[in-house]
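[1] below is the sequence, then the predicted model.
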Amino acid sequence: MNINFNRFLVLKVMLYGVLIYFIYLLALITVQYIPIDYKVAFLNLKQKEIQLLHYKIAFFSHVYSSLLIIILGLTQFSKTIRQRFGFIHKLSGKLYVLLVLLIASPSGLIMAYYANGGYIGQVSFAILSILWFVFTLQGFQYIKKGNYQKHKHFMIRSYALTLSAISLRLFKFGIVTLFELPPMDTYKIVSVLGWTVNLVIAEVIIRKSAFKKLNIKKTDLN
């Protein structure tokens, strides 16, 4: 039992370590836009769109809020924080929900209209933004109703979509490294894989958790 627990603990620490490292890399990308710069990184490809005021507001509000949302979400799945520092869990959770619903998701939907990759990129990012909003809202509504299980499930889905900011770049790196595809074709592929794979993983985690709890209940009944 102790061996299994130790393995789980090591795996958990490694997972958090990897995630924190990628958040750090994302932070390095974000700081390129501080102070506001219209001719750096991704914006070099969006010189026409960045002239539009609504796109300008959407882009910078999305970029700045998304990094904070990823950090806030990281605290939500810590059992230690939930049990020992419940006020941190509640405060960071509320900030997470507010930032997603009021800033990050709406701004992402605006940006989706101007996304690279034609209709594939536009539709993919639009679906991502809408699902991000819906899952986060559902998670918030279920906790208000006291349904902790459903709350957890929808927040797992929400955070899976939040992490698309990282997974999209990982897929891009992998495809560019292994294949010689035109840049726009690569972008079309990662615009879809960047969040769909995350959702599949989230559903596997949710189903596995539900199956485990069902088995525990059956064992208790016996």
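    Happy to help now that I have it. All figures in this text were calculated on a predicted structure; none of them were measured in a lab. Numbers count the residues shown, from 1 in each chain.
[2] where's the residue nearest in space to the middle of the chain relative to residue 185, distance?
    Ranked by distance to the mean C-alpha position of the chain (CA atoms, centre = their mean), the top residue is residue 162 at 1.2 Å. When distances are taken as CB to CB, to the nearest Å, residue 162 and residue 185 turn out to be 26 Å apart. In this view, the C-beta of every residue, glycine as well, is placed from N, C-alpha and C.
[3] go on, residue 179?
    Note on residue 179: its distance to residue 185, by CB to CB, is 9 Å.
[4] got it, and residue 16?
    The spacing between residue 16 and residue 185, counted by CB to CB, is 34 Å.
[5] just say helix, strand or coil for the nearest residue to residue 175 once chain neighbours are set aside.
    Leaving aside its sequence neighbours, residue 175 sits nearest to residue 186 (CB to CB, 6 or more residues apart in numbering; 5.2 Å). Reducing the assignment to helix, strand or coil with DSSP: H, G, I helix; E, B strand; the rest coil, the entry for residue 186 is helix.
[6] three-state assignment of residue 168?
    At residue 168 the chain is in helix, as set by three-state DSSP.
[7] I'd say it and residue 190 touch.
    Yes. Using CB atoms under 8 Å as the test, residue 168 is close enough to residue 190 to be in contact (5.2 Å).
[8] the two: which is more packed in?
    Comparing residue 168 with residue 190 by other CB atoms under 10 Å, the one with more neighbours is residue 190, at 24 against 21.
[9] can you pull the pLDDT of the more buried one?
    In the predicted model, residue 190 carries a pLDDT score of 94.
[10] who's in contact with residue 129?
    105, 106, 108, 109, 112 (CB atoms under 8 Å, 6 or more residues apart in numbering).
[11] ok, which stretches of the chain are helices?
    2-30, 53-76, 79-84, 86-99, 105-113, 118-144, 148-162, 164-178, 183-221 (DSSP state H).
[12] pLDDT on the second one, on average?
    It stands for helix 53-76. When pLDDT is averaged over helix 53-76, the result is 92.
[13] check what pLDDT the residue nearest to the centre of the chain gets.
    The predicted structure scores residue 162 at 95 on the pLDDT scale.
[14] hang on, it packs against residue 70?
    Yes. The pair formed by residue 162 and residue 70 meets the contact definition of CB under 8 Å, at 5.7 Å.
[15] which one of the helices of the chain has the poorest average confidence?
    Of all the helices of the chain, helix 2-30 carries the lowest average pLDDT, namely a mean of 75.
[16] cool, thanks, signing off.
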